[in-house]
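Chemist: this one's sequence-less:
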């Protein structure tokens, strides 16, 4: 609950320093279904158990970048993420990831980011 409040606050009120970070791409060229399967195996073998948080989006989306910054750099969110999640980033506009979108029922109609 606290993580959601922090994420929403960060998303709605970005600072000037965050604006520079929003210019950098967060979705790499190489992430694909194989990486997702590896993350699922890694999470299943972790102790304590972790969950996989799949973030689908696009590098042009400032909302995707703001959420990524919140989850990876805000101390409270980062602590929760490191303890409980394996965070995977997929570029929803790369053709190699269209199969994953199909399996998920094409959720991009809801807008980015998608979790």
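Modeler: Structure's in. What do you need? Not measured: the values here are computed from a predicted model.
Chemist: low-scoring stretches of the chain, by residue?
Modeler: Applying pLDDT under 70 to the chain flags the ranges 1-18.
Chemist: could you pull out the strands for it?
Modeler: 51-57, 85-91 (DSSP state E).
Chemist: could you check the angle strand 85-91 makes with the first one?
Modeler: Read it as strand 51-57. Interaxial angle of strand 51-57 relative to strand 85-91 (axes from the mean of the first three to the mean of the last three Cα atoms, to 10 degrees): 20 degrees.
Chemist: picking up where we left off before, wait, which of the strands of the chain is closest to residue 104?
Modeler: strand 51-57 (7.9 Å; Cβ to Cβ). Backbone N, C-alpha and C define where each C-beta goes, glycine included.
Chemist: so what secondary structure elements neighbour that closest one?
Modeler: Counting contacts by 3 or more Cβ pairs under 8 Å, 6 or more residues apart in numbering; DSSP states H and E, strand 51-57 is packed against helix 33-44, helix 62-73, strand 85-91.
Chemist: what are the contacting residues of that strand?
Modeler: With Cβ atoms under 8 Å, 6 or more residues apart in numbering as the test, strand 51-57 has contacts from 26-27, 36, 39-40, 43, 63-64, 67-68, 71, 81, 84-92, 97, 100-101, 104, 107-108, 112-115.
Chemist: which strand residues bridge the residue nearest to the spatial centre of the chain?
Modeler: Geometric centre of the chain, nearest residue: residue 55, 3.3 Å, by Cα atoms, centre = their mean. On the basis of DSSP bridges, residue 55 is bridged to residue 89.
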